[in-house]
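Q: need coordinates for the below:
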Amino acid sequence: MGTLYYGDSGTPIGIEDRALAHLKVAITTKLRRGESFTLSWVHPEGDPLGRSTLWLHPAIPLRFVFNEAQRPELSRPWVEELMRSANSTGGIELVPEHLDTDAPDVDGDAQGVAATPK
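A: As a prediction, this is how the structure comes out:
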């Protein structure tokens, strides 16, 4: 389980490492362009019911902490889906990866196992 730290909030946000790696690509791409946007997710099982949204801005500190030292292979379709949502008026919606065994990942290999954000 990875962790996202945003601003000076003392509340870390737990996100599964594979999902966090994909989010990192989408978020850093937008912030590198100087663009602000929202990030929304449904609370995982075991947390209070509901959903949360963050307003992400390039001037606010952001840190990604991964539990695993190895970088996971990225799924191009999942990154593209996150980027499409990032460019919409609703912002990034953290959605589970959709397994498509015929689609190459960004490294050109077959995709790995589907993951669900936590």
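Q: drop to CA atoms for contacts and neighbour counts, all remaining ones
A: Will do.
Q: host element of G34?
A: Under the assignment given by DSSP states H and E, G34 is not contained in any helix or strand.
Q: ok, it - contacts?
A: Going by Cα atoms under 8 Å, 6 or more residues apart in numbering, G34 touches H57, P58.
Q: distance of it relative to I60?
A: 11 Å (Cα to Cα, to the nearest Å).
Q: any common contacting residues for these two?
A: Counting by Cα under 8 Å, 6+ apart, nothing touches both G34 and I60.
Q: L20: neighbour count?
A: 23 (other Cα atoms under 10 Å).
Q: with T11 instead?
A: So T11, with other Cα under 10 Å, has 11 neighbours.
Q: next, find the distance separating the residue nearest to K30 when sequence neighbours are not counted from M1.
A: Residue nearest to K30 in three dimensions, not counting chain neighbours: S36, with 7.3 Å by Cα to Cα, 6 or more residues apart in numbering. From S36 across to M1, the span is 26 Å (Cα to Cα).
Q: do F37 as well
A: For F37, the distance to M1 - Cα to Cα - is 24 Å.
Q: next one: V95
A: Counting by Cα to Cα, the gap from V95 to M1 is 16 Å.
Q: now swap in P58 and tell me
A: 25 Å.
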